[in-house]
Structure formats: C-alpha cells, structure tokens
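> With the sequence up front, the predicted model follows.
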Amino acid sequence: MELKVWVEGIQRIVCGVTESTTCQDVVYALAHATGKTGRFTLIERWRNNERLLAPQEHPLKVVTKWGEYSSEVQLILQRSGGWGTPQATPSASPQQQIGSSSHYSPTTNQAKRSLNFSPTKRLQVKHQTPLPDTSQQNNKKDRGEYAMLNTLKYVSPDKKYANIIKGYNGGKDETVVYNAQYRDLVRLVNYQREKLSAQQAELTKFDAEIVYWEGKTREQQHQIEYVSQEAARFEAVANSNEQLLKALGCVEEEKELVQQQERTLKSELTLLRSKLANCETELLQCKKKIRELSEELEAEERGEVALLAEVERLQRDIEQTKTRAELTTHSAESLRSQVMSLETAITDKKRQVERLVSEMKEANLQSLAAAPPEEFKMLLEGPHKPGSVRRMIGSPRQLENAVPTSKNPHGVWV
C-alpha cells in the first residue's frame, strides 16, 4: 500500500507500506530516497491539531483510525534539530558534550534517537527483485547498529551528574583515559559505518547485476521462442511448396487446353470488337438524333413558356381592368348619391332662402308702416347735426351699405 508523507512542502509516496510497518521504517525509507541526514520526527496533522508519532507506532493504523476523516490527515516529516551524526572533535571534552545535551529529557531522547539516520544506511521499501531474507536481515542489522550508536550517545541523568562530579573532582588521568576510550569508540563507529556503506554499495551492485542478468535471460528466452516460431513457420512454408510442386505436374496438360481456348477466345474477341465498333457508330448517330430532338424539345418548351407567360400577363391585365371598372362603377355610384344629396340640400336651402326673404320683406314693411313721417324722413336724409355740412345724397336703396336705425341697427332689407 502507498503512504503519502510531506517532506519540506513536497509530497512523497512510500510504497510497500503494511500494517506492521513502523514510523522508524518510513523515516529510513525517506532518508534513503532524499539522501538527508539528521534527526527527524513524523508528525500527524489534522486541520490545526498536530501530534508527534513514536517510532514504534504504525502509521497505516494511525491513518485508518480517523475513518471518514482519513483523507484530511497529513503525515509530515520534520527535522527535530540537534546533532546529525555522532561525530566529536578531539578537543571536545566529555563534560562539554554532556553539558550540551543536558537540556534533552529522557523521554524525548528515547523518542527521537530511533529516528536518527545517516546516508550510509539504506532502507528499500520497494525492490525491483524480491529478496525477502536479505532485506529483513539488513533491516535488523541496521536497527541494531543504530540502537548501539544511540546508546553510545545517550547518557542517563544519574550517570550524567555523576560524570560531572567526577570531572570536577577527578584528576587529569581519568579525563585522558575517558577521552581515549571515546576516541576509540568514535573510530570504531566510523569504521563500522564505512564498512556498512561498502557492503551496501556491494549489495546495490549485486542487485543491479541480478536485475541485468534476469532481464538478459528473459530476452534470451524471448529470442528462443521467436526462433522456434520462425522455424515452425519455415517448415509449414516448405510443406506448402512441396504440395504446390506436386500439383504443378498436372498443370502442363491443362496449360495446352488453356492455350487452345485462348486462341478461340481471341478470334471471338476480334469479332466482338468489330461488332462493338459498328455499335459505337450507330450509338453516335443515335446520340446526334437525340441531341437534335432535345434541342427542338427545348425550343418548344421555351415557346410554351413564353406563351404561358403572355397568357398570364393578359390574365393579369384583364383582372386589373376588371378591378378598375369595379372601382369606377363604385365611384360613379358614390358620386351619384352625393349629387342627389347635394341637389336635395340645394333645394332645401333655396326654400329656406325664399322663406327668409319673405319674412324679411314682411318685417321691413311692418317697420316702415309703424314709423312716423319725420323719422322716416330722417332715415331717408340721415341725421343733420348743427355745424355739419354733410348731407345724405340719394335714397338708401342707392347706398352700398344701409344706414342703421334704432329699431333695426343691422339695416333694412327691401
């Protein structure tokens, strides 16, 4: 199964993870893949919550415990700081080394020292060639050596303070002896690391050679299978050729018969060609006649089309004249009705005028009969004011406008 781990912001995928795989195995695999050294810790992160995983915990079980939230869980490989590889300079005293590591608690040292690794140790989770025994032995050997190295580096609090007291109370001889032992242990550790790195390089070389020879044997097997298939195919072709040669013995007699039939067919073919030439000439003549007839037919069709167009045009003209005639009849009828109505209106107006004229005459006569003679004279002569020289000349009938009176200010109709 695959396990996704975030390393420095990059997602790494560790293959071959099972339920028995521990966090320490995952750290070793990532160290081998990235080629980094130091002290690292696996962190379980879900949203804003983080938890440090112990080296003996199984990451696959940790992820599956979340259930439906397992997709939101992230495993992060984080550098915890501190020393990377157990190396010490000759000038450093044991008291200084113990004092520099005095701020680590036993629990944190125990949790972190199993995650220390160096580039000389290689852990392969997914191999190209299956080597179960050697991989398990190498893992056990690596774990044992790392435990030994970490025990060399780790010092319990009681021993630490005892060594400090001895360092202050003891003499220079004990310090020199301790430094010599420490240097010997460092040399031994370095030698074992070099030896392990050389053995690991040899193992990788042997694995590569095994893979190479396995691939070469597969290629040779494929080549052998291909050669055997080609040999079988050649045998089948040879058998078919032999059968063809046996069948060709009877073909010679058939060949003579075929040649004779060929001659007869050639003669028949010449006759057919001559007939074909005659047919072609007749066909050309027929095509010519068809062309002439088609031209005549097209001319007739064009004439019919022109005739139909003329007929349609005449029909349209007739319809237009009919519509115009109908419109003129309608307009004449409407004009007649209007003339008749006007005539009736004129006669009515004439009657009204005659009636009004007669009424006006009667009114004028009545007004003239009722007026005194002096007023009638004044009406005829007009008013004569003192100092005025103007006089009415002529009768009121000769005036263009009638002179208004007090009884009839609008004039008198006669």
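Here it is on my side, so go on.
> Tell me where the stretch 1-150 of the chain is predicted with low confidence.
81-150 (pLDDT under 70).
> quick one, domains of the protein?
3-222, 260-358, 371-385+392-414 (automatic domain parsing).
> what's the spacing between Val7 and Leu276?
Noted for Val7: a distance of 89 Å to Leu276, by CB to CB, to the nearest Å. From N, CA and C alone the C-beta is placed, and that goes for glycine too.
> Compare these two (neighbour count), which wins?
Counted by other CB atoms under 10 Å, Val7 and Leu276 do not tie: Val7 has more neighbours, with 17 against 11.
> Identify the residue nearest the more buried one in space, chain neighbours excluded?
Leu77 (4.8 Å; CB to CB, 6 or more residues apart in numbering).
> which residues touch the helix or strand hosting that neighbour?
Leu77 belongs to strand 73-79 when assigned by DSSP states H and E. Strand 73-79 is touched from outside by 3-7, 12, 26-27, 30, 38-46, 53, 59, 62-63, 66, with contacts defined as CB atoms under 8 Å, 6 or more residues apart in numbering.
> Buried members of those residues into PyMOL, please.
Applying 16 or more other CB atoms under 10 Å to the contacts of strand 73-79, the buried members can be selected in PyMOL as follows:
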select buried, resi 3+5+7+12+26+27+30+38+39+40+41+42+43+44+53+59+62+63
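> taking the contacts of strand 73-79 one by one, which sit in strands?
Among these, the members falling in strands (DSSP state E) are 3-7, 12, 38-46.
> Which members of those residues are the farthest-apart pair?
Gly38 and Trp46 (25.6 Å; CB to CB).
> Now do the helices in the protein.
23-34, 59-64, 94-100, 106-113, 132-153, 157-169, 172-248, 251-370, 373-381 (DSSP state H).
> Please identify the deepest-packed of the ones you listed.
Most buried of those by mean neighbour count (mean count of other CB atoms under 10 Å) is helix 23-34; its value is a mean of 21.
> Run the angle between it and strand 38-46 for me.
110 degrees (axes from the mean of the first three to the mean of the last three CA atoms, to 10 degrees).
> Poorly predicted segments of the stretch 151-300 of the chain, please.
In the stretch 151-300 of the chain (pLDDT under 70), the answer is 151-178.
> same thing but 50
The model of the stretch 151-300 of the chain has pLDDT under 50 over residues 151-172.
> Find the residue closest to Val62 in space, skipping its chain neighbours.
Leaving aside its sequence neighbours, Val62 sits nearest to Glu44 (CB to CB, 6+ apart; 6.1 Å).
> Including distance to Ser70, could the helices of the chain go into TSV?
Shown next, in TSV, are the helices of the chain (distance: least, CB to CB, whole Å):
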stretch	distance to Ser70
helix 23-34	16
helix 59-64	5
helix 94-100	41
helix 106-113	24
helix 132-153	27
helix 157-169	40
helix 172-248	34
helix 251-370	80
helix 373-381	134
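> Identify whichever of those lies nearest to Val17.
helix 59-64 (5.7 Å).
> CA-only coordinates of that closest one in CSV, if you can.
The C-alpha coordinates for helix 59-64 follow below in CSV (Å, rounded to 0.1, in the frame of the first residue of the first chain):
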residue,chain,number,x,y,z
PRO,A,59,1.3,5.0,10.5
LEU,A,60,-1.2,3.0,8.5
LYS,A,61,-3.2,2.1,11.6
VAL,A,62,-3.0,5.7,12.8
VAL,A,63,-4.5,6.9,9.5
THR,A,64,-7.2,4.3,9.3
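> Output the contacting helices and strands for it.
strand 3-7, strand 73-79 (3 or more CB pairs under 8 Å, 6 or more residues apart in numbering; DSSP states H and E).
> Tell me which of those strands sits nearest to Trp213.
Nearest of the helices and strands packed on helix 59-64 to Trp213, taken as CB to CB: strand 3-7 at 32.1 Å.
> Run me through the strand neighbours of the closest one, direction for each.
Applying DSSP bridges, strand 3-7 is found paired with strand 10-14 (antiparallel), strand 73-79 (parallel).
> Mean neighbour count, the ones you listed: which tops it?
The most buried one of the strands paired with strand 3-7 (mean count of other CB under 10 Å) is strand 73-79, showing a mean of 17.
> Using CSV, list the CA coordinates for it.
Taking C-alpha atoms only, strand 73-79 is exported to CSV below (Å, rounded to 0.1, in the frame of the first residue of the first chain):
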residue,chain,number,x,y,z
VAL,A,73,-4.9,13.6,7.9
GLN,A,74,-1.4,14.6,6.8
LEU,A,75,1.9,12.9,7.8
ILE,A,76,4.8,15.4,7.9
LEU,A,77,8.5,14.6,8.2
GLN,A,78,10.0,17.4,10.2
ARG,A,79,13.6,17.9,11.3
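> any idea how far the residue lying closest to Gln56 once chain neighbours are set aside is from Lys61?
The shortest distance from Gln56 to any non-neighbouring residue, by CB to CB, 6+ apart, is to Thr22 (5.7 Å). According to CB to CB, Thr22 stands 10 Å off from Lys61.
> Same question for Tyr226.
From Tyr226 to Lys61 the distance is 49 Å (CB to CB).
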